[in-house]
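*Asks:* got a predicted structure here, sequence first:
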Amino acid sequence: MPISPATATHSSSSGTTDAILLELVDEDGVTIGTGEKLAAHQPPGQLHRAFSVFLFDERGRLLLQQRALGKYHSPGVWSNTCCGHPYPGEAPFAAAARRTHEELGVSPSLLAEAGTVRYNHPDPASGLVEQEYNHLFVGLVQSPLAPDGEEVGATAFVTSAELSERHARDPFSAWFMTVLDAARPAIRELTGPSAGW
């Protein structure tokens with residue numbers, strides 16, 4: 001099976017990919033190398049490039065996803081619309097659009113950059129660490145969802161008030177509030193002040 005630089009690291013004797021590479025970065029977000037995905041999340045964590053997407057419907061409701069129970073990291077918790085890691089050399093914008101389609105079966109009708117945020121979030125449940133330089137994106141979704149069941153357990157569109165209620169009741173990803181708070185200025189521009197974000 002051919003393996004491209006964008007999707008591969010190394011292959012086993014059977015020719016299958018057995019690792020995924022991430023882009024390691026410095027504190028300014030400058031690429032300094034690559035690291036294997038799982039190794040980069042082992043304590044104390046390696047700072048790497050990531051992205052987070054926040055999509056809204058025409059009513060100004062945020063699309064949340066519940067991560068599938070089979071995921072190795074933060075299974076079953078609620079989080080933002082989509083998040084992940086660009087392949088080495090892949091633009092964060094392209095990665096965000098690609099993964100949104102792969103996970104949710106939709107392409108945003110609008111997707112705009114919303115800044116970056118740097119954080120260090122240990123995940124007590126898994127013991128993994130999120131040391132990320134995260135590129136934020138906000139946008140609109142206007143097509144029916146077709147989630148990939150291996151990635152997404154459930155979805156929900158929520159208002160700001162409904163999110164507060166759900167966040168108090170249900171488990172969310174360790175990084176969720178950090179990326180949401182960092183994206184709020186761009187979210188307010190997108191949804192308008194009446195949406196309450």
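*Replies:* Perfect, thanks for sending it.
*Asks:* CA atoms for contacts and neighbours, from now on please.
*Replies:* Will do.
*Asks:* got phi/psi on the nearest residue to Glu36 once chain neighbours are set aside?
*Replies:* Distances taken as C-alpha to C-alpha, 6 or more residues apart in numbering put Leu21 closest to Glu36, at 4.6 Å, once the chain neighbours are dropped. Phi and psi for Leu21, reported as degrees, to the nearest 10, are phi -90, psi 140.
*Asks:* count the residues that sit near Leu21.
*Replies:* 23 (other C-alpha atoms under 10 Å).
*Asks:* distance of it from Phe93?
*Replies:* The spacing between Leu21 and Phe93, counted by C-alpha to C-alpha, to the nearest Å, is 18 Å.
*Asks:* likewise for His101?
*Replies:* 13 Å.
*Asks:* do the same with Glu23
*Replies:* Going from Glu23 to Phe93 by C-alpha to C-alpha gives 15 Å.
*Asks:* quick one: which of those two has more around it?
*Replies:* Per other C-alpha under 10 Å, whichever of Glu23 and Phe93 has more neighbours is Glu23, with 25 against 17.
*Asks:* tell me what the one helix or strand the more buried one maps to is packed against?
*Replies:* Using DSSP states H and E, Glu23 maps to strand 21-25. Under the contact criterion of 3 or more C-alpha pairs under 8 Å, 6 or more residues apart in numbering; DSSP states H and E, strand 21-25 touches strand 31-36, helix 37-40, strand 48-56.
*Asks:* between the first one and strand 48-56, how many degrees?
*Replies:* With axes from the mean of the first three to the mean of the last three C-alpha atoms, to 10 degrees defining the directions, strand 31-36 sits at 90 degrees from strand 48-56.
*Asks:* relative orientation of the strand holding Glu23 and strand 48-56 in degrees?
*Replies:* Between strand 21-25 and strand 48-56, the angle comes out at 100 degrees (the same axes, to 10 degrees).
*Asks:* ok, residues contacting strand 21-25?
*Replies:* With contacts defined as C-alpha atoms under 8 Å, 6 or more residues apart in numbering, strand 21-25 is touched by 7-9, 31-37, 40, 46-49, 85-89, 133.
*Asks:* just give the nearest non-adjacent residue to the spatially most central residue of the chain, would you?
*Replies:* What sits nearest the mean C-alpha location of the chain, by C-alpha atoms, centre = their mean, is Cys83, with 0.8 Å. Nearest non-adjacent residue to Cys83, counting by C-alpha to C-alpha, 6+ apart: Ser52, 4.3 Å away.
*Asks:* contact partners for the one you found?
*Replies:* Applying C-alpha under 8 Å, 6+ apart, the residues near Ser52 are Asn80, Thr81, Cys82, Cys83, Gly84, Ala96, Asn134, His135, Leu136, Phe137, Val179.
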